[in-house]
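[1] give me a model of this one.
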Amino acid sequence: MPVRWTVHSAGDRENYLYFLTAGIVSRFYATENGALAEFAVRGNEGVIGVASFLGGKSTPSQAVVLSAGYACRLRADLLRNEFEHVGPLAHLLLRYTQALIAQTGQIAACNRYHSIELQLCRWILSSLDRLPSNVLRMTQELIANMLGVRRGGVAEAAGNLQAAGLIHCSRGKITVLDPPKMEARVCECYAVVKREYVRLLPQITAS
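    Here you go, the predicted model:
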């Protein structure tokens with residue numbers, strides 16, 4: 001799954017589910033004037049294509065790869081029998097969907113009430129949870145697009161975090177120097193979402 005690859009475009013029929021094993025995929029809405037707003041991020045704890053088993057078959061949002069990785073692909077029609085018999089995979093996917101709904105709601109609240117610096121902290125830590133190292137290979141422009149804010153606002157927030165010794169920024173790369181101090185600085189939204197994932201998906205998030 002290469003960077004910037006579109007897994008699902010808005011309105012696409014989701015004929016496959018992608019179970020991520022590495023990388024990060026962002027789910028976002030694009031407005032008519034080209035503005036973007038991320039509402040969910042997924043890594044190896046998640047699956048892309050929930051509309052295929054919820055019954056809607058498509059959504060008005062897009063799913064795009066932010067950090068290159070891999071996924072196991074499953075045809076959506078092969079999942080029907082599992083749901084008809086309410087097997088373990090069906091239960092797992094429904095719990096995951098509940099965690100995803102919690103993440104979506106918390107991100108909406110965070111974007112509405114918290115500063116760009118706190119949003120950036122949340123976004124960086126959430127991304128870090130889904131990567132094998134403390135290095136994010138993403139531009140500030142891309143992050144600004146996902147947060148739905150000005151690039152200058154992200155640059156200023158990143159500068160504050162760098163001055164505090166929490167991160168180091170270079171071209172197209174952010175290195176987190178002190179994750180515990182980042183967690184102490186971030187708003188409550190990060191912990192709320194993380195607790196919900198651990199509660200609903202303990203076997204997956206513990207790994």
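[2] what pLDDT is listed against the residue nearest to the spatial centre of the chain?
    Among the residues of the chain, V41 comes closest to the average C-alpha position under CA atoms, centre = their mean, at 0.8 Å. Per-residue confidence (pLDDT) for V41: 92.
[3] again, but for the one 3 residues further on
    At N44, the model reports a pLDDT of 92.
[4] which residues touch it?
    L20, T21, A22, G23, G69, R130, I204 (CB atoms under 8 Å, 6 or more residues apart in numbering). Backbone N, C-alpha and C define where each C-beta goes, glycine included.
[5] ok so, going back, shouldn't the residue nearest to the centre of the chain be within a helix?
    No. Applying DSSP: H, G, I helix; E, B strand; the rest coil, one finds V41 to be strand, outside a helix.
[6] hmm, it is touching S126, no?
    Yes. V41 is in contact with S126 according to CB atoms under 8 Å; the separation is 5.6 Å.
[7] sorry, back to before: relative to S61, which of the contacts of N44 is nearest.
    L20 (16.9 Å; CB to CB).
[8] for Q119, pull up the helix or strand it's in.
    helix 116-128 (DSSP states H and E).
[9] buried residues in that helix?
    For helix 116-128, burial by neighbour count (16 or more other CB atoms under 10 Å) applies to 116-128.
[10] one more: stretch 95-107?
    By neighbour count on 16+ other CB under 10 Å, the buried set for stretch 95-107 is R95, Y96, T97, A99, L100, A102, Q103, Q106, I107.
[11] tell me the helices and strands packed up against the host helix or strand of A184.
    Using DSSP H and E, A184 maps to helix 179-185. For helix 179-185, the packing partners by 3 or more CB pairs under 8 Å, 6 or more residues apart in numbering; DSSP states H and E come out as helix 116-128.
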